[in-house]
Each structure stands twice: as C-alpha cells, then as structure tokens.
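In: the following block contains a protein sequence and its predicted model.
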Number of protein chains: 2
Amino acid sequence: MSRFELLAFDADDTLWQNERLYLEAQAKFAGLLARYHSPERIRERLYRAETRNLEHFGYGVKAFALSMIETAVELTEGRISGQDLQTLVDLARGMLHVRVELLEGVLETLDLLKKRFSLMLLTKGDLFEQENKIARSGLAGCFRYIEIVSQKTAPVYQSLLERYSVSPGRFLMVGNSLRSDILPVLEIGGHAVYIPHELTWQHEHADPPPAGQSGYYQLAHVGLLPALLEQMETG
Amino acid sequence: MSRFELLAFDADDTLWQNERLYLEAQAKFAGLLARYHSPERIRERLYRAETRNLEHFGYGVKAFALSMIETAVELTEGRISGQDLQTLVDLARGMLHVRVELLEGVLETLDLLKKRFSLMLLTKGDLFEQENKIARSGLAGCFRYIEIVSQKTAPVYQSLLERYSVSPGRFLMVGNSLRSDILPVLEIGGHAVYIPHELTWQHEHADPPPAGQSGYYQLAHVGLLPALLEQMETG
C-alpha cells in the first residue's frame, strides 16, 4: 500500500501557465493608459483595486476585468473612452479563450503518477473559468477527482479530506503558492511539495515554512516529483 | 426506508429571491441610459449581451456587470461617462452584498425535511457568489451536501449521482427552472418537483413536460412539499 492515499495538484502555474496571461494583460492595460500615467503607477493602482475587490468579486478573469475598468475610470478621471472600455472587456474575453499552455514535464509526470496514485486536481478560483481551462488543458483524464474551491485555507482542506475520508498524514499537495497550497496543508498535518513558479501573483506570496519543517518539500520542477515520491515511499 | 435517498434543492428563486435583484438592477441600468434609448430597447440589448456572454463569462453578477458595461458602451456609442461606469460596477458590488431574502415557507420546510431526508443544495452559477449567498442565507446547516456546478444538464446530474452512489429513481430535485432543474432530471429517470417563481429569467424558460410524465410534479409553493413527499412515500 502506498503511503499516500491522495495526491492533489494545484492548477494555475503548477500545471499550466496562468500568471503570464495576467502580466500580458496588465502590460496592454498600461499601454492603453500610457498617456495618463506611468506604467508603475498604473500597475500599483490596478493591484490595489484587485486586492480590494477580492472580497467582493473573488478570483479570476471577470473580477480582474472589473478591477481594470474601475482603475481605468479612476486613473483617467472618467475620461476613458468607450472604445478603450470595449478593448478592456475584449482583453478579458481573450484571456478566457487562449490556449492552455502546460508547464514542462506535466503531462509525462501525471501519466506516470496516475498509475500509482489517486490524483486530484484541486484549484481555487472561478468555477466556470477553471472548468473551461481543465477541459482545454486535455488533462482531465489524468485526475480521478476534480475539486474547485473558492479559497484554500486549512479548514477548507480539512473538510475536503473528511469528505474523501483521507487522513491528513496520507495526503500530499503539490503547488506553487506557499500561501494557498503549502502552509495550510502543513498546518493540518499533511505533506506539501512546493514547486516555485518564476511568476507568482504578489497576493500569493508568503514566507516559506521554517527549515526542517516536517512534511515540507521543495522541488525545482514537477518532473522531479516521481523520484521524490519513490524516496518517500521507501525512506 | 424512504423512497428517496437524496432530495436536492435549487437555490436562486427556489429558496431565496434572486431574479428580483437582477430586475431591479436592470431598471437602474435603464434609468442611467434613459436619455439615449427607451427602456424596452435597453432591456432587449442587455439581454442579447447577457446571452452572447454566457459562453464566455458564465452565470452570475460579475458576468452581468460586464454585459451591462458592454451594452452601455454600445448604446451610448462610447459616450457613457466614467461616473456612470463606476455606478454600474458599484451596482454589481451592491448585488453581491444585499440581504438574502428567503422565500416564504423555506425555513420551516427544510427544518422539517432535514429530519427525514438527506438534503442537498444544488445550484449552478458563480462559485464565489453562491458560497457567499449560502453563508448569508443561514441555511447551510439544513443541508448535508452542497454542490455548486457551472451548468445543470443531464450528464452533470448523471455524474453527480454516480459520485454519490444514488440511483436516479431514488433522487428528487426541487426547483423553479424547467430547463435546469426539471427536464434534465426527468431525462435521466429521476423525480422532479417544479415550483414556478413569478420571476424567472427568460433564458431559463422551457416547455413543461407532457401531461402525465412519470416522475414530474408541480407545486404552487415549497410549503406543500412535505405533504407531497408523504403521499409519494405511502402511495
């Protein structure tokens, strides 16, 4: 019997590129408002709007679009043109239809691991958007379970594991966000593998766990996961 | 043993008022654009944008907000003011924080039924928004299971029931949308209780099932459900 009953993977920037899309959209947004303000100021105000709107609108492209629109109205003192507004809505719509670009090694790794483990895709965000991305990614068949939650906190992990009758000690989470994928899982006594992505949304930053923290691992890329699991199973 | 293993309830306009909020927002929207077009034309164009955007943005207030913004840009030929745009975003934000108004008889009925049946809240829409509404409704404790899906089609019901190991013949769905709550459930061999709401979104309209369709029931209000169930169990 394997040591782990359930292996869960975060999706955005763990399985596929996501933050890159937002950075590209932000650059276009800054370009649109270039004659009003500096790119730094525009980015700073947009981030402020996004953070403020999280509790109202949650995560995802639609929330991001509404934050761009609010920021554009604010920074242009209401002078933003109808055409530019339409450009912003179209920009958001485009983000929802762009090709899902898998990270290197993801397909091979999942193909290998699905033979030995029950895999779960466990992502937070907009339900409609995440379902669409999963469908477009071609990865749905690798996962026995798919769970989309609105936030990833210790109580959310706890109740999810209860629902699946999996004890935290037999659960392993893989992801790129210390704040959402790693710290809450360690808090409830699970195992967590942190795979940093070169781009991670400012809001998801957190301090890594203390050195030697039990259950915590860090890998440079997902392709190293099978070897780590092998070592954990036999070690 | 009860005839039904699982009783599922739709939420919007089955347990609490929802469409009313959209109609109020639409009226404010039409007021905002009153000097450009007639209320009828504004409503018609907004509905067209909402329908067109469903496949891009899905259901919910954020999608509605983006449709209002697009429609406003279109109908004013780009002359909509920054202030009016901010009003639209604020209108959407307000819809997400308004008090959840339960329909008459809901609380008493759920209190009664939860003692005898496994109850599920089964709603489609925006995850973040629906979770917030469930929390604000005070009804979460009545339900053993809560499922939020992005659409309610026959395959979605089918796979949900498989996941819960419930056969369709032992499943009963209660809701106000023929299209989402009733027809797909009958299609897979389940039971469905249609409780029409005076306000139902145009998009959810569908023809009722033929007279005498097996498994189909219609009630005037939710308070009549316990008596119907009683009759089904003994009849």
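Out: Nice, thanks for sending it over.

In: give the contact list for residue A:200.
Out: Residues in contact with residue A:200 (C-beta atoms under 8 Å, 6 or more residues apart in numbering or on different chains) are A:13, A:19, A:176, A:177. Heads up, the C-betas are built off the backbone N, CA and C, glycines and all.

In: surely the first one meets residue A:19?
Out: Yes. Distance between residue A:13 and residue A:19: 5.4 Å, which falls inside the contact criterion (C-beta atoms under 8 Å).

In: okay, these two: which has more neighbours?
Out: residue A:13 (22 against 17; other C-beta atoms under 10 Å in any protein chain shown).

In: quick check: phi and psi on the more buried one?
Out: Backbone torsions of residue A:13, given as degrees, to the nearest 10, read phi 60, psi 10.

In: which residues are in contact with both of residue A:13 and residue A:19?
Out: Shared contacts of residue A:13 and residue A:19, defined by C-beta under 8 Å, 6+ apart, comprise A:197, A:199, A:200.

In: doesn't the last one lie inside a helix?
Out: Read it as residue A:200. No. Note on residue A:200: no helix contains this position according to DSSP: H, G, I helix; E, B strand; the rest coil, which reports coil.

In: for it, give me the pLDDT.
Out: pLDDT, the model's per-residue confidence, is 73 for residue A:200.

In: measure it to chain B for me?
Out: Between residue A:200 and chain B the distance is 21 Å, computed by C-beta to the nearest C-beta, to the nearest Å.

In: out of the contacts of residue A:200, list just those in strands.
Out: When DSSP state E is applied, the contacts of residue A:200 are split such that none fall in strands.

In: settle this for me: residue A:8 is touching residue A:122, isn't it.
Out: Yes. A contact is recorded between residue A:8 and residue A:122 when judged using C-beta under 8 Å, the distance being 4.1 Å.

In: so what sits against both of these two?
Out: Here residue A:8 and residue A:122 have A:147, A:173 as joint contacts, going by C-beta under 8 Å, 6+ apart.

In: run the chain-centre distance for the longest helix anywhere in chain A.
Out: The longest helix of chain A (DSSP state H) is helix A:39-57. The chain centroid and the centroid of helix A:39-57 are separated by 18 Å under C-alpha atoms, centre = their mean, to the nearest Å.

In: name the residues of it that come out as buried.
Out: Using 16 or more other C-beta atoms under 10 Å in any protein chain shown as the test for burial, helix A:39-57 gives A:42, A:43, A:45, A:46, A:47, A:49, A:50, A:53, A:56, A:57.

In: report pLDDT for the fourth one.
Out: Looking at residue A:46, its pLDDT is 96.

In: tell me the contacts of it?
Out: If you count contacts by C-beta under 8 Å, 6+ apart, residue A:46 has them with A:26, A:29, A:67, A:68, A:71.

In: and those near chain B, which?
Out: The overlap between the contacts of residue A:46 and the neighbourhood of chain B (criterion: C-beta under 8 Å from any C-beta of the partner chain) is empty.

In: and which of those is nearest to chain B?
Out: Using C-beta to the nearest C-beta, residue A:67 is the member of the contacts of residue A:46 that sits closest to chain B, with 9.2 Å.

In: leaving out chain neighbours, which residue sits closest to the residue of chain A most remote from its centre?
Out: Farthest-out residue of chain A from its mean C-alpha position, per C-alpha atoms, centre = their mean: residue A:79, at 34.2 Å. Using C-beta to C-beta, 6 or more residues apart in numbering or on different chains and skipping residues adjacent in sequence, the residue nearest residue A:79 is residue B:82, 6.5 Å away.

In: if we can go back for a sec, filter the contacts of residue A:46 down to the ones in helices?
Out: Within the contacts of residue A:46, membership in helices is found for A:26, A:29, A:67, A:68, A:71, as judged by DSSP H.

In: the residue positioned nearest the centre of chain A bridge partners, please.
Out: Ranked by distance to the mean C-alpha position of chain A (C-alpha atoms, centre = their mean), the top residue is residue A:12 at 3.5 Å. For residue A:12, the residues forming beta bridges with it (DSSP bridges) are residue A:16.

In: verify the stated contact: it with residue A:125.
Out: Yes. Taking contact to mean C-beta under 8 Å, the distance of 7.0 Å between residue A:12 and residue A:125 places them in contact.

In: for chain B, see how far away the closest residue to residue A:23 other than its chain neighbours is.
Out: Closest residue in space to residue A:23, ignoring its immediate chain neighbours: residue A:199 at 6.5 Å, by C-beta to C-beta, 6+ apart. In this structure, residue A:199 and chain B are separated by 23 Å, where distance is defined by C-beta to the nearest C-beta.

In: and residue A:199, what is it in contact with?
Out: With contact taken as C-beta under 8 Å, 6+ apart, residue A:199 is in contact with A:13, A:19, A:20, A:23.

In: list the buried residues of the helix or strand hosting residue A:160.
Out: Taking DSSP states H and E as the criterion, residue A:160 maps to helix A:154-163. Applying a neighbour-count criterion of 16+ other C-beta under 10 Å, the buried positions in helix A:154-163 are A:154, A:156, A:157, A:158, A:160, A:161.

In: so where is chain A shaky, pLDDT-wise?
Out: Low-confidence segments of chain A, defined by pLDDT under 70, are located at A:1, A:235.

In: in it, which spans are strands?
Out: For chain A, the strands defined by DSSP E cover A:6-9, A:119-124, A:145-149, A:171-175, A:191-194, A:216-218.

In: contacts for the second one, please.
Out: Spelled out, it's strand A:119-124. Outside strand A:119-124, the residues touching it (C-beta under 8 Å, 6+ apart) are A:6-12, A:15, A:59, A:110, A:113, A:130, A:134, A:139-140, A:142-152, A:160, A:173, A:180.

In: swap in the last one?
Out: Contact with strand A:216-218 is made by A:182, A:186, A:191, A:192, A:193, A:194, A:195, A:196, A:208, A:209, A:228, as judged by C-beta under 8 Å, 6+ apart.

In: what does chain A put close to chain B?
Out: Contact residues, chain A versus chain B (C-beta under 8 Å from any C-beta): A:56-59, A:62-63, A:65-66, A:69-70, A:73, A:76-83, A:85-86, A:89, A:92-93, A:96-97, A:126-129, A:131, A:148-150.

In: mind splitting chain A into its structural domains?
Out: Domain assignment for chain A, taken from automatic domain parsing, gives A:6-17+A:101-234, A:19-95.

In: roughly how far does residue A:16 sit from chain B?
Out: As defined by C-beta to the nearest C-beta, residue A:16 lies at a distance of 19 Å from chain B.

In: correct me, but that residue touches residue A:104?
Out: No. Contact criterion C-beta under 8 Å: residue A:16 and residue A:104 do not qualify, at 10.9 Å.

In: higher neighbour count, those two?
Out: Set residue A:16 next to residue A:104 and count neighbours by other C-beta under 10 Å: residue A:16 wins out with 20 against 10.

In: what residues of stretch A:24-40 count as buried?
Out: Judged by neighbour count using 16+ other C-beta under 10 Å, the buried positions of stretch A:24-40 are A:25, A:26, A:29, A:30, A:32, A:33.

In: ok, back up a step: list the contacts for the residue nearest to the centre of chain A?
Out: Residues touching residue A:12, when contacts are defined by C-beta under 8 Å, 6+ apart, comprise A:18, A:19, A:123, A:125, A:176.
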